[in-house]
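[1] Would you be able to build a 3D model of this:
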Amino acid sequence: MIRYGIAAAIGVLVLLMLWILVERQILVTRRMTIRLKSLPPGVSSLRIVQLSDLHHRQMGKANRRIVRRVEMCNPDLVVITGDLVSRDMRDYAYVAEFLRGLRRICPVYLCHGNHELDLPLQDRKRLEQVIAHAGCRLLNNACVKLSTKRGKFVENPESRKAPLYLAGIRLEYGVYRDENRQFRHLASYDPDDLTHAIGEKRGTTILLSHNPKFLDTYAAWGADLVLCGHVHGGIVRLPFVGGVLSPERRFFPKYDKGLYQKGDTQMVVSGGIGKLRLFNPPEIVCLEILQSLST
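    The predicted model follows:
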C-alpha cells in the first residue's frame, strides 16, 4: 500500500509539472469594465490594456504573441506596471523590439517595478534609454494630462478642459526589501510620500504603481483608478482561496489579482505574465473605462 501511495504521489507531481509547462504557454485576456466619474469632454470610453511582470518571459520572438493579443483589444493606451525585465537581465534588444511593436498600436506608458530598481544604476539608465528610443513614456514619479485629438488620446499639457491625468510612481526599494535584502523590516509608503512624489491629486487620475500593498495610501491621496502588478496572482491559486504566496514570502496576500475598492478608489491588480505559476495562467488585462452613471 505504501508503494502504491508513493507511486500515486509521484504521478500527481509529474502531472503538475506537465501542467505548469502547458499553462505557461497559455495567454488569457481578462476583460473588465471600470467606471470613472469624469472623462475628457466628448469621450464616451477609454480602453487600456495593462501588462505586468513580464520578467524573462517571451511569447514568440520579441513577444509577438503578446503584441498580437494587445492589438486585438484595439486599445487607446497600453500601460506596463513594472518588472518589464528581471534584475539579472543585461540584454534589452528584444525588449526594445517588443516595445516598438506595442508603440505601433498606440501610446505606451510604464512605471518601474522592484526588479528595475534592483538593476545596477548604469543598466537601469540603459533600460530607460531603450524605453525612450522605442517611443514609450516612463512615468517615473510623473504625471501627464491626456486629452483627445482626432479620436486618439494624446498628451496635452496646455489643456484646460477637464483632462484625464495619468500618473506613475516609483516606489522606493525599501518597500520591497530591507537593508539586509530581507522582508522583515519593509518601509511604509503614506499619502505624504505620494504627494511629495507627484504633487496633489488633480482631476480624474489613473495611477500606475507596481505594488498593490498600499491601496489605503492611494485612496487617501485620491486616485480614481490604480493599476498594479507585483504579486503574480499569488503564484499558485487555489479554488475559493485565491493566491497563495506573495513575492515577500507572505501567505495569502490581501491583494493578489482582480478588482478591489477602497472608498472612491478602484484598484486593478494584474496577475502578470512571467515567473513560475500554477492554476494561474499568464494574462493581459483589457479595461473598458466608461463614464460613471452617477451624477
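
[2] where do the helices sit along the stretch 151-295 of the chain?
    Ranges of helices in the stretch 151-295 of the chain, per DSSP state H, counting those that start in this stretch, are 191-198, 215-221.

[3] Ok, which of these comes nearest Thr29?
    Smallest distance to Thr29 across these (Cβ to Cβ): 24.6 Å, for helix 215-221. Just so you know, the C-beta spots here come from the backbone N, C-alpha and C atoms, and that holds for glycine as well.

[4] List of residues touching the closest one?
    The list of residues contacting helix 215-221 from outside it, by Cβ atoms under 8 Å, 6 or more residues apart in numbering, reads 189-191, 193-195, 201, 207, 209, 226, 255, 260, 262-265, 267.

[5] Give me the mean pLDDT for that helix.
    For helix 215-221, the per-residue pLDDT values average out at 98.

[6] Now do the buried residues in it.
    Applying a neighbour-count criterion of 16 or more other Cβ atoms under 10 Å, the buried positions in helix 215-221 are 215, 217-221.

[7] can you dump the C-alpha coordinates of that helix into CSV?
    Once side chains and other backbone atoms are set aside, the C-alpha atoms of helix 215-221 remain, and they are given as CSV (Å, rounded to 0.1, in the frame of the first residue of the first chain):
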residue,chain,number,x,y,z
LEU,A,215,-4.2,50.7,-1.5
ASP,A,216,-5.0,52.7,1.7
THR,A,217,-2.4,55.3,0.7
TYR,A,218,-3.6,55.5,-2.9
ALA,A,219,-7.2,56.0,-1.7
ALA,A,220,-6.3,58.6,0.8
TRP,A,221,-4.3,60.5,-1.8
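
[8] Figure out which of the helices of the stretch 151-295 of the chain is closest to Leu77.
    Distances from Leu77 to each of these were compared using Cβ to Cβ; the minimum, 18.1 Å, belongs to helix 191-198.

[9] Okay, buried residues for that closest one please.
    Burial within helix 191-198, assessed by neighbour count using 16+ other Cβ under 10 Å, is assigned to 191, 193-194, 197-198.

[10] Alpha carbons only: can I get that helix in PDB?
    Extracted C-alpha coordinates of helix 191-198, given in PDB (Å, rounded to 0.1, in the frame of the first residue of the first chain):
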ATOM      1  CA  PRO A 191      -0.100  59.800   1.300                       C
ATOM      2  CA  ASP A 192       2.500  62.400   2.100                       C
ATOM      3  CA  ASP A 193       5.100  60.300   0.300                       C
ATOM      4  CA  LEU A 194       2.800  60.100  -2.800                       C
ATOM      5  CA  THR A 195       2.200  63.800  -2.700                       C
ATOM      6  CA  HIS A 196       5.900  64.500  -2.500                       C
ATOM      7  CA  ALA A 197       6.500  62.300  -5.500                       C
ATOM      8  CA  ILE A 198       3.900  63.700  -7.900                       C
END
